[in-house]
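1. below is the sequence, then the predicted model.
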There are 2 protein chains.
Amino acid sequence: MRILGIDPGTLVMGYGVVDSEGDDLIMVDCGVLSVSSHSSLEGRLRTLYLGLLDVIARYQPLEVAVEEPFVAKNIHSALVIGQAQAVAILAAVNSGLPVFKYTPAWVKQSVTSYGGSEKGQVKEMVRIQLGLSHIPEPSDAADALAVAICHILNHAYLGCLPRAGDGGR
Amino acid sequence: MRILGIDPGTLVMGYGVVDSEGDDLIMVDCGVLSVSSHSSLEGRLRTLYLGLLDVIARYQPLEVAVEEPFVAKNIHSALVIGQAQAVAILAAVNSGLPVFKYTPAWVKQSVTSYGGSEKGQVKEMVRIQLGLSHIPEPSDAADALAVAICHILNHAYLGCLPRAGDGGR
């Protein structure tokens, strides 16, 4: 069962591809799609959209998990978050894939068993769960892996894990 | 010169197609794409995206003008506006069309010569400029026609009009 996790942004879009095989979580790839802040909004959205289509075509995930904040610092950042979410969601559904959305607090809760965890603790748990020697970089790629792991844990795709109950929404 | 104007929303997406021919503005079509609030976010975004692709394929505009608010009532409405903008922008750029963005105040300024105009005044000017007997309905369709007219006036596609200077952004 291969899951693509996405941490959406309009300048940096983090992605993480994770396989669940039996009791194991295996990192397939992770990274970021980044665009220049000097590009036009329409150019950035198109580049990120095409980049995600390419990631999906390359790794053929079965499902896509997207982080979906409900809070933002201010109106401008909320507009930008909304744009980034729409790009991620359209890339997934236009590739025929089901989309699942998780709040940042639920990702933390699922990955570390505590919704108020620090970001560093989430990344360390990502490292441990994937059996890696180092925390994946850059930061948005590790965050995207956390979203993918959250989805796998919540849907009990790991044989050893109980179903974690209803998800972040 | 055929322009598609879009008034973006995630439940109702208004569109208006306007031709400028010599000194005339001619309404080709207008309407709304609407989706149920009970549908999933991903289902709504995909339906609106495909609907806009269909409008573009049917009317073959040369350029697309999108209303782009910078303010919102609250964080939630800003998230939603961002999502709707991204859908409109991706539908245009993925159809190979250039996108132009205008703030609501600039649309009002361009169509009525006063940025603080009431919404009703804008719609009445849309009716007059297009030589219609009635204000087009529903409201979001008339708003989308205003965005298209704004773009035409700002780019002096009408022979009789001076170039209105820099646009809303």
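-> Happy to help now that I have it.
2. A:L11: what's it in contact with?
-> A:L11 sits next to A:34-35, A:37, A:44 when contact means CB atoms under 8 Å, 6 or more residues apart in numbering or on different chains. C-beta here means a position set from N, CA and C on the backbone, and glycine is covered the same way.
3. and the residue in chain A that chain B sits nearest to, how many residues sit next to it?
-> Taking CB to the nearest CB, chain B has its nearest neighbour within chain A at A:G82, 2.3 Å off. Using other CB atoms under 10 Å in any protein chain shown, A:G82 has 28 neighbouring residues.
4. can you tell me the closest non-neighbouring residue to it?
-> B:G82 (2.3 Å; CB to CB, 6 or more residues apart in numbering or on different chains).
5. which bits of chain A sit near chain B?
-> A:41-43, A:45-46, A:49, A:70-72, A:74-76, A:78-87, A:89-90, A:92-94, A:99, A:101 (CB under 8 Å from any CB of the partner chain).
6. again, only this time at 6 Å
-> Within chain A, the positions near chain B by CB under 6 Å from any CB of the partner chain are A:42, A:45-46, A:49, A:72, A:75, A:78-79, A:82-83, A:86-87, A:89-90, A:93, A:99.
7. next structured bit after the helix or strand where A:Q121 lies?
-> Per DSSP states H and E, A:Q121 falls inside helix A:119-129. For helix A:119-129, the following helix or strand on the C-terminal side (DSSP H and E) is helix A:139-154.
8. mean confidence score for that following helix?
-> On average, the pLDDT along helix A:139-154 is 96.
9. just checking, what packs against that helix?
-> Judged by 3 or more CB pairs under 6 Å, 6 or more residues apart in numbering or on different chains; DSSP states H and E, helix A:139-154 is in contact with strand A:2-7, strand A:12-21, strand A:24-34, strand A:63-67, helix A:104-112, helix A:119-129.
10. again, 7 Å this time
-> strand A:2-7, strand A:12-21, strand A:24-34, strand A:63-67, strand A:99-102, helix A:104-112, helix A:119-129 (3 or more CB pairs under 7 Å, 6 or more residues apart in numbering or on different chains; DSSP states H and E).
11. which of those sits closest to B:M13?
-> strand A:99-102 (19.7 Å; CB to CB).
12. show me what that closest one is packed up against.
-> strand A:63-67, helix A:75-93, helix A:139-154.
13. rerun that using 10 Å as the cut-off
-> For strand A:99-102, the packing partners by 3 or more CB pairs under 10 Å, 6 or more residues apart in numbering or on different chains; DSSP states H and E come out as strand A:2-7, strand A:63-67, helix A:75-93, helix A:104-112, helix A:139-154, helix B:41-59.
14. who does it pair up with?
-> strand A:63-67 (parallel) (DSSP bridges).
15. now A:Q60, nearest residue through space, not along the chain?
-> A:R2 (6.8 Å).
16. the one you found pairs with what?
-> A:D19.
17. that one is in contact with A:H151, isn't it?
-> No: applying CB atoms under 10 Å as the test, A:R2 and A:H151 come out as separate, 11.1 Å apart.
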